[in-house]
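# what would the 3D arrangement of this be:
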Amino acid sequence: MKLRNLLLASLVVAGAAVAASPDDFAQQWPLVEHSEGAWMVRLDEAVYRQVQSRNLSDLAAYNAAGDSLPFGPMPFRFQTPPSVWREAAWFALPEPSPDQGDDLHLHITRSDSGSLSLDATLSHPPQSAVSDVLIDVRGQGEVVDAIALGLSSSAPDFSTGLTIEASEDLSHWRTVVTSATVAQLRQGGQSLVRRHVEFTPIATSYLRLHTVAPDSPIPLATVQLRFQSARAAAPPARRSTLTAEYVGRDGPAYLYRLPARIPVDLVNISLGEDNAIADFSISAREPDERNWSYLGQLGAFRLRGAGLALDNEAMDIPQTRARMWRIEPRVTLKNPPVLEFTYQPEDWLLLTHGDPPYRIVAGSGSAEREEFPLDALIGQVRAHYGRDWQPPEAHLGPMAVAGGESVLTRPDPARIRRWLLWGVLLLGAVAIATMVIMLLRKPQE
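The predicted structure is shown next:
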């Protein structure tokens with residue numbers, strides 16, 4: 001009887017969940033809005049810096065009474081669709097005559113499908129080297145935020161500045177980018193290419209690229225535009241950058257630590273000296289792991305002189321929240337490079353109830369966010385407000401202390417429960433073995 005009671009008590013202890021409270025988290029942010037409803041919360045760098053868990057499980061929300069609120073990554077059907085690259089229709093513009101005005105007059109026709117075609121006299125020149133380019137955007141309910149120029153690899157080296165303008169009617173233009181550099185250079189068997197230009201998302205019908213130096217045409221082969229949806233509940237967050245902390249050397253390699261659990265998808269290396277070129281292998285891992293995961297090669301360069309200033313572009317990588325980074329150059333460098341990351345801040349969904357203030361909390365060595373069926377809950381909200389309803393954005397107030405730094409080192413209750421469960425299973429096995437032995441020793445009647 002005593003053994004059975006002990007087993008039951010152990011099972012209760014092992015299966016009990018630890019109910020978290022706001023004081024179990026290090027920091028907190030109040031919501032500026034103080035009303036019940038469904039909200040979109042955009043995570044910022046301060047929040048990411050507090051989160052300890054790989055899957056952001058120590059990021060939660062509470063009301064004034066300390067009740068846990070449904071909070072988690074935005075359900076897929078409410079997320080902003082990812083940006084996409086598409087081939088663009090482009091035309092090389094003729095050189096303006098001295099007596100020609102600033103306006104551009106073209107003959108335009110529209111096909112049955114709705115696409116536009118411009119005067120056939122505007123075409124790609126034989127050598128695909130152009131000074132000015134007109135781009136027919138053709139975005140449908142989308143905004144454009146970047147241009148990628150496909151350059152002819154067989155063309156001579158060049159470096160030139162660009163301005164980019166936008167228009168709805170080919171007569172009235174507004175400046176989108178005042179100065180950007182594109183280049184293709186070769187040195188020591190290496191090809192140094194810079195062909196991307198990013199800018200604030202805009203909705204427009206046409207873009208015009210103008211080279212600052214007409215005697216440095218672009219060996220243009222293709223043009224791509226990057227589109228993102230314009231139907232989001234809130235404007236898409238601008239991409240942010242974060243510099244990693246240099247922590248030392250590992251032989252010829254340089255080691256860095258990412259100070260926040262940000263979802264990085266672009267990595268860049270800035271060399272510490274001018275007129276330098278180096279190829280790097282890039283790897284990442286978690287602090288508690290031993291093996292590095294290889295992510296790719298990046299050619300870094302920093303060219304200065306004769307009025308030229310040219311740096312390499314960032315490299316796309318699979319999205320990761322890894323904290324430790326390793327870059328290994330093929331040549332010896334005098335100074336440690338600067339390792340920078342670019343990421344898109346994430347949007348989370350929050351459903352509030354009870355009395356305000358509502359608050360977001362983050363950072364814990366033990367507490368975890370409760371899981372709620374956000375899809376089902378938001379479906380009920382949409383049934384009330386209409387199927388096209390989107391959660392409005394709620395802004396975070398200034399960060400304040402909740403439980404403080406001490407909660408970051410508390411024992412993990414999940415790990416404790418696992419050990420208790422293993423102990424219960426072991427105790428149960430011993431008990432069963434004991435009963436079997438006792439039955440075997442019992443004389444046959």
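# tell me how many other residues surround W348.
21 (other C-beta atoms under 10 Å). To be clear about C-beta, it is placed using only N, CA and C from the backbone, and glycine gets the same treatment.
# again with the one 5 residues further on
Using other C-beta under 10 Å, H353 is surrounded by 11 other residues.
# can you pull the contacts of it?
E36, N63, D67, L69 (C-beta atoms under 8 Å, 6 or more residues apart in numbering).
# ok, now with 7 Å
By C-beta atoms under 7 Å, 6 or more residues apart in numbering, the contact set of H353 is E36, N63, L69.
# correct me, but F227 touches E87?
No - F227 lies out of contact with E87 (C-beta atoms under 7 Å); the separation is 11.5 Å.
# of the two, who's got more company?
Legend: neighbour count by other C-beta under 10 Å for F227 and E87, higher for F227 (23 against 11).
# what sits against that one?
Residues in contact with F227, defined by C-beta under 7 Å, 6+ apart, are S83, V84, R86, G139, E142, V144.
# kindly recompute the last result at 6 Å.
By C-beta atoms under 6 Å, 6 or more residues apart in numbering, F227 lies in contact with V84, G139, E142, V144.
# buried subset of the residues you listed?
Burial by neighbour count, 16 or more other C-beta atoms under 10 Å: within the contacts of F227 this picks out G139, E142, V144.
# pretty sure the last one sits in a strand.
Same thing as V144. Yes - assigned with DSSP: H, G, I helix; E, B strand; the rest coil, V144 falls within a strand.
# please name the bridge partners of it.
I202, F227 (DSSP bridges).
# ranges for the helices of this protein?
2-15, 45-50, 374-385, 413-441 (DSSP state H).
# so for the last one, mean pLDDT?
It refers to helix 413-441. Helix 413-441 shows a mean pLDDT of 72.
# what's the answer for the first one, then?
With pLDDT averaged residue by residue, helix 2-15 scores 39.
# over to stretch 336-356?
The average pLDDT within stretch 336-356 is 91.
# can you give me the end-to-end distance of it?
48 Å (C-alpha to C-alpha, to the nearest Å).
# buried residues in it?
336-337, 339-352.
# want to throw the contacts of H353 into CSV with pLDDT and neighbour count?
Shown next, in CSV, are the contacts of H353 (pLDDT from 0 to 100; neighbours: other C-beta atoms under 10 Å):
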residue, pLDDT, neighbour count
E36, 79, 14
N63, 92, 19
L69, 91, 19
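# make CSV out of the residues you listed and add distance to L258.
CSV is the format used below for the contacts of H353 (distance: C-beta to C-beta, whole Å):
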residue, distance to L258
E36, 36
N63, 32
L69, 29
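# mean confidence for the strand ranked longest in the chain?
Ranked by residue count under DSSP state E, the longest strand found in the chain is strand 173-187. Per-residue pLDDT over strand 173-187 has a mean of 85.
# so who does T409 touch?
Neighbouring residues of T409 by C-beta under 6 Å, 6+ apart: G365.
# ok, it to T178 distance?
Taking C-beta to C-beta, to the nearest Å as the measure, T409 falls 50 Å from T178.
# least confident pick among the contacts of F227?
Lowest confidence among the contacts of F227: G139, with 74.
# how about it: what's its closest non-neighbour residue?
F227 (5.7 Å; C-beta to C-beta, 6 or more residues apart in numbering).
# hang on, the earlier thing: now for the longest strand of the chain, which elements pack on it?
strand 158-167, strand 190-194, strand 196-202 (3 or more C-beta pairs under 6 Å, 6 or more residues apart in numbering; DSSP states H and E).
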